[in-house]
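Undergrad: One predicted model, sequence on top.
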Amino acid sequence: MMNLSARDLPMAALTAEAQRHLVALLRCDTTNPPGNEYLAAAYLRDQLAAEDIEARLIEPAPGRVSVWARLAGSGAARPLLLVSHTDVVPVERAKWTTDPFGGEERDGFIYGRGAVDMKDMLALELTLFLHFARRVRATGQPLRRDLILLAVADEEDSGTHGMQWICEHMPELVAAEYALNEGGGMGIDLGKQRIYPCEMAQKGAMRVTLRAQGAPGHAAVPHGDLAVRRLAQALERLTAAPLPMHVIPTVRRFIGVIAATQVGAQRAMLGQLTNPMLSERVLAALPNHDVANALRAMLHTTASPTILTAGTALNVIPSEASAQVDCRVIPGQTPEMVRGEIARRIGDPRVVIDIDPLSPGYEMPQTALFDALGRAIATHDPGAVVAPYLFPAVSDSRYLAPRGVIAYGFVPHQPEAGVPPVQSLAHGHDERVSVANLHFGLRVLHDTVQDIAG
Ligand SMILES: [Zn+2]
């Protein structure tokens, strides 16, 4: 039993098991809204019950069921949470080449809404949970810490019937040292180097509303004091260049790791990413625009105007025009700091800036769980490295962070030739995951759990 690694196990059988779980879960239509997560919850409950594990079902609203199950450890260390969400985003059915809720396998891929966000991880976590439960039963030797399977409802919409509700009403269920969740783990090839970002920080989210004032009037007799024009100018100034740079330690380490993997001029160039004078020129020189945009989002609070409103009739000049701006805030920045940056950028006192409460981001420390992920990746993808990463969007980990849980986002996916990256498959058409990646994820996560809890 010493130094048991995934390579010594009958991993093919476990992969087949994970695949069976994934197909069954993809066939549960848990589109949110409305959710109907009870479908996936019933499947999980039955799979656990078949192995004499009693799941706890949490149902704060009808049909919105989350599942919690615990494999008791020796108590030598505090629990590890295996976190996932069971709901998925809606589909545009006509754009799919397969039934999004069919779980079809084609050419080595399993298709379905949720295949990478995140029923694949759910299937892997269920498989590993059952695997370790069987092993403990067979050997009589508990793990060092509790292993807790937590599959929650309502991540993709409001979140109020899933992780948020559990954290507020049943915090004892998430009292843990570590959590593994979504948000990172997708391999990226940069030059000859493969990097797996480990999500250790998350940006905050805040709605900002810009209200430009002007004079009303008859549209047949235009004047110079137009609210619409003022708003357009404000949006042009706001979006012409990034807001000021704020580099947090996670991002500094991320850039340090990726720069260190490159050679010569490329290394020196990447090292200048955190130089406010040169950063944009470095980003413009990167061949991959998706990577450049992702790096920019890690270095700045972003402001994306998404909803514009003005006017009620064709022949009436509106006296107010407004824009809602989706701001994603670097951890540590306060709402007033962001408002100040936006106000200075727009520079027009007749554009009023209203801010909604900030849903704060967070930054986690680098811990033994990070090291364990690094060792598992080094074993199963030799030469690749794991880098700390600031996730530009939000996940349920934001509810765990204030409770002191070290939550990392890491769903292992190897990049595959000819296959769109995970980031564009998630929420996209023909969402799919390869059986090869399911196998890879299972091995990496197995070794990580074994390392941290075995
Ligand atoms: Zn997700």
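TA: Ah, there it is. In this text, all values refer to a predicted model and were calculated from it rather than measured experimentally.
Undergrad: C-alpha from now on. contacts and neighbour counts both.
TA: OK.
Undergrad: any weak-confidence spans in the stretch 1-150 of the chain?
TA: Residue ranges of the stretch 1-150 of the chain with pLDDT under 70: 1-9.
Undergrad: what about the strands in it?
TA: Here the stretch 1-150 of the chain has its strands, by DSSP state E, counting those that start in this stretch, at 56-58, 66-71, 80-85, 105-106, 109-111, 147-152.
Undergrad: Next: the stretch 251-400 of the chain.
TA: Going by DSSP E, counting those that start in this stretch, the stretch 251-400 of the chain shows strands at 302-310, 316-317, 320-329, 351-355, 362-363, 385-391.
Undergrad: Pick out the residue nearest the middle of the chain.
TA: Residue closest to the average C-alpha location in the chain (CA atoms, centre = their mean): G183, at 2.9 Å.
Undergrad: how far away is the closest residue to it other than its chain neighbours from P216?
TA: Nearest residue to G183, sequence neighbours excluded (CA to CA, 6 or more residues apart in numbering): G409, at 4.2 Å. According to CA to CA, to the nearest Å, G409 stands 51 Å off from P216.
Undergrad: ok, now R344?
TA: Taking CA to CA as the measure, R344 falls 27 Å from P216.
Undergrad: out of those two, which sits in the more crowded spot?
TA: A direct count of neighbours by other CA atoms under 10 Å for R344 and P216 places P216 higher, at 16 against 13.
Undergrad: Thought V316 was touching that one, still the case?
TA: Yes - using CA atoms under 8 Å, P216 is in contact with V316, at 7.2 Å.
Undergrad: Could you report the neighbour count for S424?
TA: That count, for S424 with other CA under 10 Å as the rule, works out to 11.
Undergrad: and whatever helix or strand it lives in, C-alpha only, in PDB?
TA: Following DSSP states H and E, one finds S424 within helix 422-425. Output in PDB follows, covering the C-alpha atoms of helix 422-425 (Å, rounded to 0.1, in the frame of the first residue of the first chain):
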ATOM      1  CA  VAL A 422     -12.200  23.700 -22.500                       C
ATOM      2  CA  GLN A 423     -13.000  27.400 -21.900                       C
ATOM      3  CA  SER A 424     -14.800  27.700 -25.200                       C
ATOM      4  CA  LEU A 425     -16.500  24.300 -25.000                       C
END
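Undergrad: Quick one: closest of the strands of the stretch 251-400 of the chain to A16.
TA: Of all those, strand 385-391 sits nearest to A16, with 27.0 Å by CA to CA.
Undergrad: nearest spatial neighbour of I355, skipping sequence neighbours?
TA: Ranked by CA to CA, 6+ apart and with sequence neighbours excluded, the top spatial neighbour of I355 is V208, at 4.5 Å.
Undergrad: would you say that neighbour is within a strand?
TA: Yes - if the criterion is DSSP: H, G, I helix; E, B strand; the rest coil, then V208 is within a strand.
Undergrad: The helix holding S424 packs against which elements?
TA: Using 3 or more CA pairs under 8 Å, 6 or more residues apart in numbering; DSSP states H and E, no helix or strand is in contact with helix 422-425.
Undergrad: Following it in sequence, what is the next regular element?
TA: That would be, after helix 422-425 and using DSSP H and E, strand 432-434.
Undergrad: and that following strand, average pLDDT?
TA: Computed over strand 432-434, the mean pLDDT rounds to 97.
Undergrad: Outside of that strand itself, list whatever touches it.
TA: Strand 432-434 is contacted from outside by 108-113, 115-116, 120, 425, using CA atoms under 8 Å, 6 or more residues apart in numbering.
Undergrad: Narrow these to those that are buried.
TA: Neighbour-count burial (16 or more other CA atoms under 10 Å) applied to the contacts of strand 432-434 gives 109-113, 115-116, 120, 425.
Undergrad: wait, which of those is closest to R267?
TA: The closest of the buried ones among the contacts of strand 432-434 to R267 turns out to be L425 (CA to CA; 30.2 Å).
Undergrad: Just give me the neighbour total for the nearest residue to the closest one once chain neighbours are set aside.
TA: Excluding its sequence neighbours, the residue lying closest to L425 (CA to CA, 6+ apart) is E431, at 5.1 Å. By other CA under 10 Å, the residues close to E431 number 24.
Undergrad: For the remainder of this discussion, apply numbering that starts at 56.
TA: Renumbered: residue one is now 56, and that last one reads E486.
Undergrad: returning to that earlier point: how about the strands of the stretch 56-205 of the chain in a markdown table, adding distance to I243?
TA: Conversion of the strands of the stretch 56-205 of the chain to a markdown table gives the following (distance: least, CA to CA, whole Å):
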| stretch | distance to I243 |
| --- | --- |
| strand 111-113 | 37 |
| strand 121-126 | 32 |
| strand 135-140 | 22 |
| strand 160-161 | 25 |
| strand 164-166 | 20 |
| strand 202-207 | 27 |
